[in-house]
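**Student:** Need the 3D shape of this:
(one chain, ligands or ions: 1)
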Amino acid sequence: MAVAIEDLEVVAGRDALGEKLFQAVLGTMDIYAVYLGDRLGLYAALAAIEPATPGELAGATGTAERYVREWLEQQTVSGILACDNPEAEAADRRFVFPAGHAEALTEVDSPGYVAPFARIAVGAVDPIRELVAAFRTGGGVPYEAYGADLREGQAGMNRNLFLRQLGTEYLPAIADLDARLRSGSPARVADIGCGVGWSSVGIAQAYPNVRVDGFDLDDASVAAAQGVIVEAGVGGRVEISLRDAADPALVGRYDLVTAFECVHDMSDPVGALRTMRRLAGDGGTVLVMDERVAERFNPAAGDIERLMYGFSVFHCLPVGLADTPSVGTGTVMRPATLRGYALEAGFRDVEILPLENVFFTFYRLHV
Ligand SMILES: C[S@@+](CC[C@H](N)C(=O)[O-])C[C@H]1O[C@@H](n2cnc3c(N)ncnc32)[C@H](O)[C@@H]1O
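**Tutor:** Numbering: from 1, shown residues only. Below you'll find the predicted structure:
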């Protein structure tokens, strides 16, 4: 009996999707397991004592040996850790990091540090039940509902960019701004939506003459930022305050006003950009760093946009919709969308700066 071409196509499509989702389930399990290793200090302890048996690692981390054994074996079959002696009795097997993996999972200052990826991925789905309800009602899920994992994962993802590249590569590439921030007369910077404060720290460390005021709407982020600036030794020149960026009462005069990866989260981005314009006056520089997405929707956009849509569905869009009214931007804020917001907020023009970054586009907003 002849089989219709359409039937073959249906079977092939069905099986290809099955395989794709099977691989995705494996990836999801890897992310959850990396989260456990990071959260419980298992990777940090293993890096210090490897090779280690399950009992030794459990002893070093205050965790239960039976769970740790299962996790170590899972990590090994997943290719994240390795086992020196797989033929030994379970309790006697010794586990180690393959070359490079300890750096990727434990060294916060390494450019290849990836553990925060797991933390933010878990944090982004923490309030999944609220999200299911929000899809039905059209309401949002507040930032606080995502908790410490999202907040710390977000901070960890951007920390190295802020501490290693912002003040040495990106801001110096804007010659007039760099000259102003380096000049003898003290400059002021307003860092809108500063989160836990690494961007404010990075700017203060790169430019010893500047004072930075960081503003954020989230209590827990502001509290964490107070600790971060003291620990980084810039507490005397950086101040963090709990403020809504769209608050018309937010005033001052600043040489640089920044918004790093936060405009797309805001329910009222035009109000926040209006504040930024006011704070910069006629002489200040306004800089927005936001997701590097294409000019328009493209089904074949690729992995970065796929990642951004993922964060949008689970986190940024519901967070943006938590207030009423809200424009509901989402993570995939296209350049034309930001341009529209900026013009509405009173800016004359938006320039995309020629700065290389896989994840972010840097916009300079001109008055
Ligand atoms: C994705 S996080 C980015 C944090 C930080 N800038 C970074 O790059 O890691 C977005 C931040 O924007 C803050 N935010 C959102 N709406 C805000 C508003 N209207 N005013 C001040 N901060 C706001 C959130 O509280 C959150 O800390």
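**Student:** Could you count how many residues lie near the closest residue to the ligand within the chain?
**Tutor:** Residue nearest to the ligand within the chain: residue 195 (2.7 Å; Cβ to the nearest ligand atom). Quick note: C-beta positions are derived from backbone N, CA and C, even for glycine. Look at residue 195: counted by other Cβ atoms under 10 Å, it has 25 neighbours.
**Student:** Kindly report the same for residue 72.
**Tutor:** 24.
**Student:** Please name the nearest non-neighbouring residue to it.
**Tutor:** Nearest-residue entry for residue 72: residue 95, 4.8 Å, with adjacent residues in sequence omitted and distances by Cβ to Cβ, 6 or more residues apart in numbering.
**Student:** wait, isn't that neighbour in contact with residue 75?
**Tutor:** Yes. Judged on Cβ atoms under 8 Å, residue 95 makes contact with residue 75 at a distance of 7.4 Å.
**Student:** Would you mind naming the residues that bridge with the residue nearest to residue 72?
**Tutor:** Note on residue 95: beta-bridge partners by DSSP bridges are residue 52, residue 83.
**Student:** what's the neighbour count on it?
**Tutor:** 25.
**Student:** Tell me who's in contact with the residue nearest to residue 145 when sequence neighbours are not counted.
**Tutor:** Spatial nearest neighbour of residue 145, chain neighbours left out: residue 127 (4.3 Å); criterion: Cβ to Cβ, 6+ apart. If you count contacts by Cβ atoms under 8 Å, 6 or more residues apart in numbering, residue 127 has them with 141, 145-146.
**Student:** Any quick PyMOL command for the buried ones out of these?
**Tutor:** Buried subset of the contacts of residue 127, written as a PyMOL selection, criterion 16 or more other Cβ atoms under 10 Å:
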select buried, resi 141+146
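**Student:** Take the contacts of residue 127 and lay them out in CSV including distance to the ligand and secondary structure.
**Tutor:** Shown next, in CSV, are those (distance: Cβ to the nearest ligand atom, whole Å; DSSP: H, G, I helix; E, B strand; the rest coil):
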residue, distance to the ligand, secondary structure
141, 13, coil
145, 12, helix
146, 10, helix
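**Student:** Let me know the helix or strand that residue 212 is in.
**Tutor:** For residue 212, the element it lies in under DSSP states H and E is strand 210-216.
**Student:** How far does that strand sit from its chain's centre?
**Tutor:** On the basis of Cα atoms, centre = their mean, to the nearest Å, strand 210-216 sits 20 Å off its chain's mean C-alpha point.
**Student:** any idea of the mean pLDDT for it?
**Tutor:** The average pLDDT within strand 210-216 is 98.
**Student:** Now for residue 17, how many residues are close by?
**Tutor:** 10.
**Student:** should've said residue 295
**Tutor:** Count around residue 295 with other Cβ under 10 Å applied: 8.
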